[in-house]
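Engineer: Would you be able to build a 3D model of this:
(one chain, ligands or ions: 1)
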Amino acid sequence: MTRLTRADLDALPAYVPGRNVADLARELGIAEAVKLASNEVPYGPLPGVVEAVTEAVRAVHRYPDMGVVELRDRIGGRLGVDPARVVTGCGSVALAETLVKATCLPGDEVVYSWRSFEAYPIIAAGAGATSVRVPNTAEHGHDLAAIAAAITDQTRLVFVCNPNNPTGTFLRKAELDRFLADVPSDVLVVLDEAYREFVTDPAVPDGVDTYGDRPNVVVLRTMSKAWGLAGLRMGYLVAQPEVAAAVRKVVTPFSTSLVAQAAALAALDQEPEVHRRCALVVAERSRVTESLRKLSLDVPDSQANFVWLPLGDRTAGFAAACESRGVIVRGFHPEGVRVTIGTPEENDLFLATAEAALT
Ligand code: PMP
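Structural biologist: Have a look, this model is predicted:
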């Protein structure tokens, strides 16, 4: 048959979403399964969001505001940056893709740690760019010296995920300062801060506050996690005006939907509630980490809303054992398992499951 699509995509691993809870519950014949696989916050939509969505739906025969003016004003005001520097999109993953589109021509290089966010290779390949993967340190974190050393004349963009998905590890300001000083000025560094709201260690810098003025730094954020809008798809980036303007040229038109804009505005009214929910997640993160360490697992400290179990060859078996007990976790064979922090009850169920699976 005549080939219609790119041959190089055949070898590209597909993005694996977390398994559907209802499907698993049906398969196991249990009332409810628990999903701790996609780093969502377990407390439902923020107050006011459902009402805002319901109201916005009345106008869905109209296109959304393509300039996303009101929402960018709110985000810019909250972060203390000019709204001209804010670009929104259909989830931060779409913006990551747009950043590659805005910087790379086919054959240019995109550098990132491995393991890190599984969408990076897909995004790079989609743009025809070449992925350069730099192995994580033995402590499961970014090896910034090796990343800097991997940059060549062909490198156009570097993704640095802080805290890192899926390991939860994090970079401190001193390390990032040193790294950014080493990166050539014509290479764009994307600080992917999808999990910023869960950071409690003051040594981990806020990318916008700390590096927002650097011409070659872009900070990527999402409203999918702490802000509870994963299903609506709303992410944003903060860049220098020139970079933001270039990104805006290639972003998919109207990709921040009318409903997503309304929901994001309503969610931003709920900042105290977001802090309260994040504090619950953070307290549970400590408890889950300590409990897993008691099972002799070498769980690295996490600053995100998930923890990393470096199970190596046991990864697939452990993930399957959890699933057979109704708990969906995310295995990255053959490195480890990522487990999202859920409600205390969900975490208890996972911990009991982990203990049974490991002993
Ligand atoms: N960056 C990282 C590091 C992530 O883990 C995720 C979601 N898993 C995203 C970006 C994308 O988030 P979204 O597209 O939902 O905004």
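Engineer: and the lengthiest helix in the chain, how far out from the chain's middle?
Structural biologist: With DSSP state H setting the assignment, residue counts place helix 271-294 as the longest helix in the chain. Averaging C-alpha coordinates over helix 271-294 and over its chain gives two centres that are 18 Å apart (C-alpha atoms, centre = their mean, to the nearest Å).
Engineer: Name the residues of the helix or strand following it that come out as buried.
Structural biologist: Of the helices and strands lying after helix 271-294 in sequence (DSSP states H and E), the nearest is strand 306-309. Going by neighbour count (16 or more other C-beta atoms under 10 Å), the buried part of strand 306-309 is 306-309. In this view, the C-beta of every residue, glycine as well, is placed from N, C-alpha and C.
Engineer: Just to check, Glu175 is in contact with Leu144?
Structural biologist: Yes. Applying C-beta atoms under 8 Å, one finds Glu175 in contact with Leu144, separated by 5.8 Å.
Engineer: Compare the two (neighbour count), which wins?
Structural biologist: Summary of the neighbour comparison: Glu175 and Leu144, criterion other C-beta atoms under 10 Å, with Leu144 having more neighbours (21 against 18).
Engineer: Quickly note the distance from the more buried one to the ligand.
Structural biologist: 17 Å (C-beta to the nearest ligand atom, to the nearest Å).
Engineer: how many other residues sit next to the closest residue to the ligand within the chain?
Structural biologist: Closest approach of the chain to the ligand (C-beta to the nearest ligand atom) occurs at Gly91, with a separation of 2.7 Å. Residues near Gly91, counting by other C-beta under 10 Å, number 23.
Engineer: Mind pulling the model confidence for it?
Structural biologist: Looking at Gly91, its pLDDT reads 98.
Engineer: Please apply the same query to Val110.
Structural biologist: Turning to Val110, the model gives it a pLDDT of 98.
Engineer: can I assume it sits in a strand?
Structural biologist: Yes. Following the definition DSSP: H, G, I helix; E, B strand; the rest coil, Val110 is counted among the residues of a strand.
Engineer: Please verify my assumption that it contacts Val158.
Structural biologist: Yes. Applying C-beta under 8 Å as the test, Val110 and Val158 come out as touching, 7.5 Å apart.
Engineer: Look up phi and psi at the residue nearest to Ile123 when sequence neighbours are not counted.
Structural biologist: Closest residue in space to Ile123, ignoring its immediate chain neighbours: Glu97 at 4.6 Å, by C-beta to C-beta, 6 or more residues apart in numbering. With angles defined as degrees, to the nearest 10, Glu97 shows backbone torsions of phi -60, psi -40.
Engineer: From Arg72, how far out is Glu97?
Structural biologist: Using C-beta to C-beta, to the nearest Å, one gets 19 Å for the distance from Glu97 to Arg72.
Engineer: check which helix or strand covers the nearest residue to Leu12 once chain neighbours are set aside.
Structural biologist: In this structure, Leu12 finds its nearest non-sequential neighbour in Ala125, 5.1 Å apart by C-beta to C-beta, 6+ apart. Under the criterion DSSP H and E, the helix or strand holding Ala125 is helix 119-126.
Engineer: Repeat that for Asp73.
Structural biologist: Using DSSP H and E, Asp73 sits within helix 69-79.
Engineer: What parts of the stretch 151-300 of the chain come near the ligand?
Structural biologist: By C-beta under 6 Å from any ligand atom, the part of the stretch 151-300 of the chain that sits against the ligand consists of 161, 165, 192, 194, 222, 224, 230, 235.
Engineer: Tell me what the first one is bridged to.
Structural biologist: Meaning Cys161. Taking DSSP bridges, one finds Asp192 as the beta-bridge partners of Cys161.
Engineer: what's the pLDDT at it?
Structural biologist: As summarised for this prediction, Cys161 has a pLDDT of 98.
Engineer: What's the local residue count around it?
Structural biologist: A count of neighbours around Cys161, defined by other C-beta under 10 Å, yields 27.
Engineer: Thought Glu118 was touching it, still the case?
Structural biologist: No. Look at Cys161 against Glu118 with C-beta under 8 Å: they stay out of range, at 10.7 Å.
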